[in-house]
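1. missing the sequence, but the structure's below:
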């Protein structure tokens, strides 16, 4: 399977969804290297990425989270924000690789917080109208200041594509 993730430390810890890694025995992570003007071998149309093996550090089915580790150093990483501060109407960005389209970003607003799929569900979700599709799973939901507020986990859809309920 394929999915997205977010690097949360310079020494290579990556968070993704449990359902992205479920059943996997080997994990390959593609870390994009942005195009740099004047550096040979780089292209704006085909950014160079580094593919490295990753080790599954841990996973939790109930929260649908997993942690991978790559053996690299000095990686750029995202910082965690306080998801308790998220309110409806807040601008958010969803990063990921929807339908295999690598390094994509979409924008929307928080529609609701504390959303449950059913009354007995212990998980609370941030609902957003940001377009999310298969392949966005595991990628970060980021606020306007660049802090990770959540992990893109699922969409509710009658068609199988984004209907604005992520």
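-> Looks like it came in fine. Worth saying up front: this structure is predicted, and the values here are computed from it rather than measured.

2. so what does the helix or strand where residue 148 lies touch, helix or strand wise?
-> Take DSSP states H and E as the rule and residue 148 turns out to sit in strand 147-151. Secondary-structure packing of strand 147-151 (3 or more Cβ pairs under 8 Å, 6 or more residues apart in numbering; DSSP states H and E): strand 79-80, strand 125-128, strand 140-143. The way it works is simple: take the backbone N, C-alpha and C, and place the C-beta from them, glycine included.

3. what's near enough to touch residue 70?
-> 12, 14, 29, 31, 52, 53, 54, 55 (Cβ atoms under 8 Å, 6 or more residues apart in numbering).

4. do that again at 10 Å, thanks
-> By Cβ atoms under 10 Å, 6 or more residues apart in numbering, residue 70 lies in contact with 5, 7, 11-14, 27-29, 31, 50-55.

5. between the residues you listed, which is nearest residue 112?
-> residue 5 (25.0 Å; Cβ to Cβ).

6. where in this structure is pLDDT low?
-> By pLDDT under 70, the low-scoring segments of the chain are 34-47, 161-164.

7. and the contacts of residue 70, which are buried?
-> Buried by 16 or more other Cβ atoms under 10 Å: 5, 7, 12, 13, 14, 27, 29, 31, 54, out of these.

8. what is the burial count for the nearest residue to residue 101 once chain neighbours are set aside?
-> Once flanking residues are discounted, residue 101 sits nearest to residue 135: 7.2 Å by Cβ to Cβ, 6 or more residues apart in numbering. By other Cβ atoms under 10 Å, 21 other residues sit near residue 135.

9. before we move on, back to that, could the helices and strands packed on strand 147-151 go into a markdown table alongside mean neighbour count and distance to residue 63?
-> What follows is these, written out as a markdown table (neighbours: other Cβ atoms under 10 Å; distance: least, Cβ to Cβ, whole Å):
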| stretch | mean neighbour count | distance to residue 63 |
| --- | --- | --- |
| strand 79-80 | 12 | 15 |
| strand 125-128 | 21 | 11 |
| strand 140-143 | 24 | 15 |
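
10. save these as CSV, and put in distance to residue 114 too.
-> CSV is the format used below for these (distance: least, Cβ to Cβ, whole Å):
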stretch, distance to residue 114
strand 79-80, 19
strand 125-128, 8
strand 140-143, 15
